[in-house]
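>>> Sequence first, then the predicted structure, then my questions.
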Amino acid sequence: IAAHAREPERVSGAPETAPTSAARFEPPAPRPGRADRLTREPSSRLAALRGALVVLGVVGVVGALAINRVRLDEERAHPSEPSVDPTPSVPLGPRVEQALITVQTNVADAEVYWDGERMTGTSFAVTVDRRAHRLELRAAGHAPRQAEVFADGPHTISLPFEASRARRR
């Protein structure tokens, strides 16, 4: 009959004794927990997902650059109409200064002439040329009135008509 080695029985409450052979102490294997999951190397799925996101980002940037390049090439090949208004807001020629001439008179329907040209109304703009010009007022039943005006800036000229000789009699 085979003899079996028998382990000593433990008595409850009795202190445990160290084994007779010199054995090394090994701590128990750690159980996977939350802290362990954070320090472990990323799984292959997570690494693949990160790699795919990087590749998609690079492809998106390269695609946007390619589309912009094609658009620029098309614009250079087929120039469209200019986006700037071709009519300048500032005249291209020399600047012409204007002055306002206002005529005050005592006859409502008086006609105003500037160097022989009839004006529309008693206020009008003239070119500033710093020369003498002839201003004339005409009204039915009145003798014409004339004045010399220098076109050197804005002027208000008062030219009242004298009472008609026909009315005085």
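Yep, that arrived.

>>> Show the subsequent helix or strand relative to the helix ranked longest in the chain.
As assigned by DSSP state H, the longest helix anywhere in the chain is helix 44-77. Using DSSP states H and E, the helix or strand that follows helix 44-77 towards the C-terminus is strand 98-104.

>>> Can you list the buried residues in that following strand?
99, 101, 103 (16 or more other C-beta atoms under 10 Å). Any C-beta I mention is one placed from the backbone N, CA and C, and that applies to glycine too.

>>> Name the residues that touch it?
The contact list for strand 98-104 (C-beta atoms under 8 Å, 6 or more residues apart in numbering) reads 110, 112, 114, 122-128, 135, 137, 149, 151-160.

>>> Neighbouring strands of it in the sheet, and parallel or not?
strand 123-127 (antiparallel), strand 155-158 (parallel) (DSSP bridges).

>>> Can you point out the buried residues in the shortest one?
Judged by neighbour count using 16+ other C-beta under 10 Å, the buried positions of strand 155-158 are 155, 157.

>>> could you give the mean pLDDT of it?
The pLDDT scores in strand 155-158 average 92.

>>> Residues touching it, excluding its own?
So strand 155-158 is contacted by 99-105, 135, 147, 149 (C-beta under 8 Å, 6+ apart).

>>> before we move on, what about the first one?
For strand 123-127, the surrounding residues in contact (C-beta under 8 Å, 6+ apart) are 96-103, 112, 114, 133, 151.

>>> among the contacts of strand 98-104, which ones are buried?
110, 112, 114, 122, 124, 126, 135, 137, 149, 151, 155, 157, 159.

>>> Thought Met119 was touching the second one, still the case?
Yes: taking C-beta atoms under 8 Å as the contact criterion, Val112 and Met119 are neighbours in contact, 4.5 Å apart.

>>> Just put the buried residues of strand 98-104 in CSV and tack on distance to Val62 and pLDDT.
Shown next, in CSV, are the buried residues of strand 98-104 (distance: C-beta to C-beta, whole Å; pLDDT from 0 to 100):
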residue, distance to Val62, pLDDT
Ala99, 65, 91
Ile101, 69, 93
Val103, 75, 94
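
>>> which one of the residues you listed sits closest to Ala64?
Ala99 (58.7 Å; C-beta to C-beta).

>>> how close does the closest one get to Arg118?
Remark: distance between Ala99 and Arg118 (C-beta to C-beta, to the nearest Å) = 19 Å.

>>> List the contacts of Glu97.
Contacts of Glu97 by C-beta under 8 Å, 6+ apart are 127-128.
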